[in-house]
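1. here's a sequence, model it:
(chains A and B)
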Amino acid sequence: MSRAAETRVLFRHIDEPGLATLDGYRHHGGYKALERAARELDPGDLLGAFEDSGLRGRGGAGFSMGKKGSFLPHGEMSKYVCCNADESEPGAFKDRELMMKNPHQLIEGVAIAAVAVGAAHSFIFIRGEYWEIADVLDRAVREAYEANLLGANVLNSGTRVELVVHRGAGAYICGEETALLDALEGKRGNPRLKPPFPAIQGLYGGPTLINNVETLSNLPHIVNNGASWFKSFGTEQSPGTKVVSVSGCVQRPGNYEVELGISSRELIFGLAGGPPDGRRVKAWFPGGSSAPVLTEAELDLPYSFEAMAEAGSMLGSGSIIIADDTVSIPHLALRTARFYHHESCGKCTPCREGTNWTVKMLERITRGEATPMDLEIIASVQENIIGHCLCVLGDSMAMPVGAMVAKFRDEFERAIEAAREPGRGEFDASPIDRPLTTGVQAA
Amino acid sequence: MTERQQVTLVVDGVEVQAPEGEMLVDAAKGGDVEIPVFCYEPKLGGPVGACRMCLVEIEGIPKLQTACSTPIRDGMVVYTGTDRVVEAQSAVVEFLLVNHPLDCPVCDKGGECPLQDIAMGWGPGRSRVTDPKRHFRKPIPLSPLVRIDRERCILCYRCVRFSQEVAEDEQLQLLERSSSSYVGTFDDRPYIAPFHGNIIELCPVGALTAEAYRFRARPWDIEDSGSICTLCPSQCNVKFTVRDERVQRVLARDNHEVDNGWLCDKGRFGFGMINSEQRITEPRLNGNRAGWEQALATAAQRLGTGERRIAAIVGGQASNEEAYLVQRIVREALGSPHVTSIDELDAAGVEALSAPQMSASIADIDAVESVLLIGADPLNSMPILDLRLRKAVRHSNLRLTIASDRPTALDGGAEETARYAPGRSAAFLAALAAELGPGSPLDSPRQADAARLAGELRPGRTLLIWGEHLARGTGGSGALSSLFRIATSLNCASDTGGLFAVPDGTNARGVREVGCLPSCGPGFTPTRPGNTLDEIKQGLTDGSLDGVILLHADPVRDLADGPGWAKALNNARTVVAISSFDDASTKAADVVLPAEAYAEKEGTVTHPDGRLQRLRPAVPRPDQVRPIWQALAELSAALGHETGVDSAPEALQAIAASVHFYADLTPDEIGGTGVRWQTRPQAQAFPSSEAGSEEGFEEIVRATNSEPGASSDPRLASADPSPGSAPALRLGTYRDLWADETTERNVALRFLVPQQRVELAPSDAQRLGVGDGDEVDVRSNGTSVRATVALRERMRPGAAFLIEGIGDQNANRLTGAETVEIEKP
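-> Model (predicted):
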C-alpha cells in the first residue's frame, strides 16, 4: 500500500528546532490570534465561531467545544479555564508531543478560551510523570508573561489572563474532569457527582471550562482561519484534523495528524506501517484502552467519531493500539482490567468492586482455576458496571473487557482449557509482566 | 424561609406530592416506596452518589439515575421495580458483598444492620463470588472508644464525610485507592475528637463499633428509651439502650430543633457514671449510712430549728421540678429568701435578655444571615452548638463574627474576630454597644476592635449568641445591660435573629425561671431579696447564715474562690447536700441524700433557647436512691409544709401554676420533642422589662469606663516591664469540655481528663523563658497552681488562661486575682 499523507495543522512545524520558544512560535505567526481575540473580537462571536467550526473535544468524550463554552453563565464572577493535560490513557501520547514541541500553541489556545468565556484565571493540569514537559510549559508561560501575552493586561487589551501550570501527582483518575478539579483544589482527586457540571459549578465553585490540550491547541487556528476553513477538513460530524497516536504491533508507531474520516486502514497500514511482516491485525483499540476493541473486519471503517460509535466503539482520545495475532486476548483483557482496577479511585461501588472482581476472575483463567461459567460471570459483571458508575472509569474497563469476551469467546474458552492442563498452558502463570510485542521490537 | 412549591410526580404508579427540589429518595417515601441507600445521609450535607444503591429509572432519561441526588420535578415518572432497576440494585448489593465477610452471626450490627436489611430486600440472594476477599488486621482501635473492622467496611464514606464536613476535624481519611481503599487516619494516629462517636451511629455496617457496646447485647435483647442528655446545656435528645436494667449505650434521637441528630462524645460515652461503683446510693448522716426516714427527720430538724436562716444553691443538673421544690422549701417551709442558682445572674438583666420577642431558637442559626458570638466558647460549654454554627457557615453562608477573650475553635470560619483581655469583657461590650448605638464612641482602647466588629454586623439580620460567663464577677450587670443595648441596636427579634445565651449549667435557664434567683420567685416574680452566692459564702463563714442546701451543686469546685467556699461549708452549722457522687461539698455535709442519675430521672428541663424537654426514666434507681422531687416533697412535709406534690407530673403542674409563662404546660404537650415556651400564647405573661433604658445605659457607660482595677496593679501599667521582675499576665479562666465529673467518673473517658495547663501567647512564653510543655507555677497573692505550659498562636499577648472547675490544681484557688505571675518551680 502506498504511504498515505498526513494533513498537518497542529503539527505543521512540529519538528522545527526552536518552535518551543516564543520567537520560534511567533516566526510562524504565533499569538496573532490571541491579539485579535483580546483586542478586536467580541467574546460571544469567539464562542460562536468555535461552535460553528464543529470542533469536538479531543480528550475522549467528543463534545462540542463551543457549546460547552456557551454553558458558562455570563456576567461578573470568578470563572476558570482548565486545560486537561493529564494524558494518562494507555495508548495516548499526542498531548505530550504537542506540549513538548509547541507549548505556545497551547498557551495561546488557553488564553483565547479564557478571553472567550471571561475567565481571569486559567490552569494547565499536567500529569506528574510529564515533569520534563511541565518544565517546557513553565518556561513558555514565563516567556508569555514577559511578552505581556499573559498577565493582568494582555497585550494592553484590558483583559486579564493568568495561567498556572499545575503538576498532578500521577493518578489516572485526575484526567476525569471533576476529579481534576478536586485535585487542583488540593483535595484527593475523586470524581464529583454531576450535575452540577463544571460549566456551572466547577473549580472553587465557579463556572469552569475544561478542555483537552489538543482541543485548545486548535483554537488559534480557528481564530486565524475561520470556522469554515476548519470545517473544510474532516467529515460533517467530525470536522478538523486529529493527531492520532498509533502504538502496539505496528512497524512505525507514533503520532500522525490526519483529517478525520480517513480510512482506518490507511492510518494503521499506510502511516504506521501495519503489523510486522507476516502477522495480521487481530484486535485494535480505536480510541485508547478504554474503547471496545474492533477486529480485522472493521479496519476499513472511516476514522471518525460517528463511524467508531456506529461500530460500537469510540474514537475517544484518538489513540489506536494494535494487537496482532501473537497477542493473547485473555492476557490483553487481564492487562487492561488490571490497569483500571489499579487506577479506580474507589469512591463508587460498581467500579471499585467490579474492576477488582474482574481482575480476580481473569487471573483465575491464567492460573487454570476458571471454568467457562466464569466467562458468563465476567460478561455479566461488565454489564453491571456499564452505566452504573459515578464517572466513566468503570465503563472504561467494562467496555473493552466486555467486548473482548464477546468477540473472542472461543479464544477465552481455549485458554481456560489449556491453562487447566498442567504444563500445557497457552500462556504461563506469570506472563503479565512481559511487554506486548511491538512492531519496533520485532523489526 | 420561603415555602417551596409542591409538585406531583409518579413513583411506581403512585402519585406523590412533595416540595420541588426534594431528593427523589425522600419524595418516594410519600408514595410508600422505599429506595435503598447507603451513602445518602442528609445530615452530612449534599448527596455524593457514591454507593450507587439507589439507581432508579426515570422516564425520558436513558441511564439509570441515583435517586439520592436527583431533585424531583413536576410530572416526573419514576420506576423502582423494573427489571433494569432490580438488576442494577441487586448488582450493587452483589458488588458490596464481594469483599464483605458476611460474619453477621458474630457482628454487633447484626439485627440492626442496613447492609443486612438491604441485602435481604434488594440483593440477589446468592453469591457468585468464589475469589478470596480482602483482609485486614481487625478489629483494631481507631480511638480508645471506637474500633474499626475494615473488612466489614463498604466504603460508603459516611464517617469520612462526618469528620471532614460536619465536625471538620479532618482526621479521618480514605487511604489508598480502588478496592484497597480503607478508612484511617494519618500515620495511624488515634482519632481523638470531641464528636467522633457519631461515626459509629452513621456506619451502615458493623465496621465501626463502640468499645463499650461490643458484644454487650443483640437488638432483640434491648429496649431503647427516649430521654434527654443532661450532661451539658445542649440537652441533646437521646435514646438510652437498656439491657438488664442497665444503660448499655446512648444513641441520638434526632431532633432537628435541638441537636441536628448529633451527640458529643461526652453525651455518647458518659453514661458509664450511671453504673459507677462510687455512686452515693443511700442517705448519710455525718458520714454514716442512714435510712431515709432518719435522714429526712434529721435534715428537717437541723434546718427547721432556730432562726431558719437557711440558703439553697441549685446546680445546673437539677430538673425544673427539683429546683422549684427547693425554692419552695426555703421560701415557704423555712421562710428564708436565700435561694439561688449556681449559674446566678443579675435578675433584672437576665429577665430583660430572656424576653420572648427577642429570643432566638437554636434552629434559627440555620436561617439567619449573620451571628455574633460573644464571650462564649461553644466547643467547651455547649458542643452541639459548635457543630450547628459550622454547618451554617458551610452550608448557608452564615457570616460569623466572634468576640472573646480566648481563641475559640470556630475562629477559622469567622469573618471577623476580636480578642479582648480577660476581665475586660464588660468594657468591650460597652465599647461595642457605643459603636452600634446612637451615642458617640467611647474613648476606650477597645474602640478600634469594637468598630471593626460592628462593621460586620447588620441590624435586623444578626443573631447574638452570648456566654453567661460575661455576666459573672465585677461588671457583670453592666455587661448584661450592654448586651441589651447591643441587641436593641441590632434589632434582635425572634423572627430575624434574636438572642441566645450559652449557660454553664445544663438547666441553668430552667432553674432560674422556676424561681432560683435571690430576688425573684418562680417566673421572675419579685420576692423578698435574698443573698447572692457571694453573700451566702460570707454568711456561712461569719455565721449570719445557719445552713445551706446544695442540690447538685459543688461550689468548692465550680465557683470562684474555692478555698473560701470550703471554709464557708466547714463553718456552716448545717449542710444538706443532694448529690450522686462524693465531692468537696458532700464531705462538708451533715446530711447527704443520694441523687438520681439523669437516665433515672423523671421531670423536665429547659433548653437555653426556652424549649421545655422531658426527662423520662430509662433504668430503675439503684439501691436506696429515691426521686429527688419525692425526697424534697417529703422534706418539706417534715418541715410542716405540705407541697401537695405526689408525682413528677404534679410538680410540673405546680410549676405551671406559678410560672405564668409556663402556664398550662403538661407532659403531653412537651411530648417527645419538647416545646419552646416562647411559641405558646402564654408567653405573653412574661413580665415586660424596664432594663436597657437610656438612663441605665449612661450609668453603665460610666461604670465600665472607669474600669475597676485597670490601674490598680502597677505592674500592668508599665508598658515595658523591667528585666528581673516577673511580668504580670492577666488571668483568664475557661471551661474545658472534659474537665468535669462525668469524665472523671467514667472509666472509658478517663484518658480525656485534662491536667491543668496554662495557655500563653508564644511571645509571652518567650519573654518568660518557658516553652510548650514546661511545668510552671501560676502565682497570685501567695497562692499558686501547678500547670503545664501550652502555647496558643492565636492568643492575645499579656494573658494567661487556666481551666476552671478542674479536679486537680483548680484555677478557682486564684480567682479574684486579676493578674498572675508565672515561674518555673
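2. who does residue B:210 form a beta bridge with?
-> Following DSSP bridges, residue B:210 is listed with bridge partners residue B:146.
3. now residue A:197: closest residue in space, sequence neighbours ignored.
-> residue A:71 (7.1 Å; Cβ to Cβ, 6 or more residues apart in numbering or on different chains). (Each C-beta comes from the backbone N, C-alpha and C, glycine too.)
4. sorry, that was for residue B:792
-> residue B:759 (5.0 Å).
5. cool, and residue B:485?
-> Residue B:485 sits nearest to residue B:433 (Cβ to Cβ, 6+ apart), 4.0 Å away.
6. that older thread, thought the residue nearest to residue B:792 was touching residue B:793?
-> No - shown here, residue B:759 and residue B:793 do not form a contact pair, counting by Cβ atoms under 8 Å, at 10.7 Å.
7. burial measure for the residue of the stretch 251-400 of chain B found nearest chain A, as a count.
-> Closest approach between the stretch 251-400 of chain B and chain A, counting by Cβ to the nearest Cβ: residue B:397, at 11.4 Å. Each residue near residue B:397 was counted by other Cβ atoms under 10 Å in any protein chain shown, and the total is 9.
8. in three-state terms, label it for me.
-> coil (DSSP: H, G, I helix; E, B strand; the rest coil).
9. how near is it to residue B:366?
-> Going from residue B:397 to residue B:366 by Cβ to Cβ, to the nearest Å gives 11 Å.
10. do residue B:301 as well
-> 54 Å.
11. looking at these two now, which is surrounded by more residues?
-> Each of residue B:301 and residue B:366 has its neighbours counted (other Cβ under 10 Å); residue B:366 has more, 16 against 13.
12. touching, that one and residue B:394? I think so.
-> No - here residue B:366 lies out of contact with residue B:394, judged by Cβ under 8 Å, at a distance of 11.2 Å.
13. re earlier: is the residue nearest to residue B:792 in a bridge, and if so with what?
-> Here residue B:759, judged by DSSP bridges, has bridge partners residue B:790, residue B:801.
14. residue contacts, it?
-> B:406, B:790, B:791, B:792, B:795, B:800, B:801, B:802 (Cβ atoms under 8 Å, 6 or more residues apart in numbering or on different chains).
15. switch the cut-off to 6 Å
-> Listed by Cβ atoms under 6 Å, 6 or more residues apart in numbering or on different chains, the contact set of residue B:759 reads B:790, B:792, B:801.
16. reformat those as TSV; add distance to residue B:629 and neighbour count.
-> As requested, the contacts of residue B:759 are exported to TSV (distance: Cβ to Cβ, whole Å; neighbours: other Cβ atoms under 10 Å in any protein chain shown):
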residue	distance to residue B:629	neighbour count
B:790	43	15
B:792	44	16
B:801	39	25
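17. I'd like the distance from stretch B:176-184 to the chain centre, please.
-> Stretch B:176-184 sits 35 Å away from the centroid of its parent chain (Cα atoms, centre = their mean, to the nearest Å).
18. what's the end-to-end length of it?
-> In stretch B:176-184, first residue to last residue: 10 Å (Cα to Cα, to the nearest Å).
19. where does the stretch 601-750 of chain B get nearest to chain A, which residue?
-> residue B:737 (29.4 Å).
20. skipping adjacent residues, who's closest to that residue in space?
-> residue B:380 (4.8 Å).
21. next, count neighbours for that neighbour.
-> 22.
22. that one contacts residue B:735, doesn't it?
-> Yes - between residue B:380 and residue B:735 a contact is recorded at 4.9 Å, counting by Cβ atoms under 6 Å.
23. residues contacting residue 94?
-> I'll assume chain A. A:243, A:245, A:255.
24. look at chain B instead
-> residue B:124.
25. just residue B:423 next, same as before
-> Contacts of residue B:423 (Cβ under 6 Å, 6+ apart): B:730, B:818.
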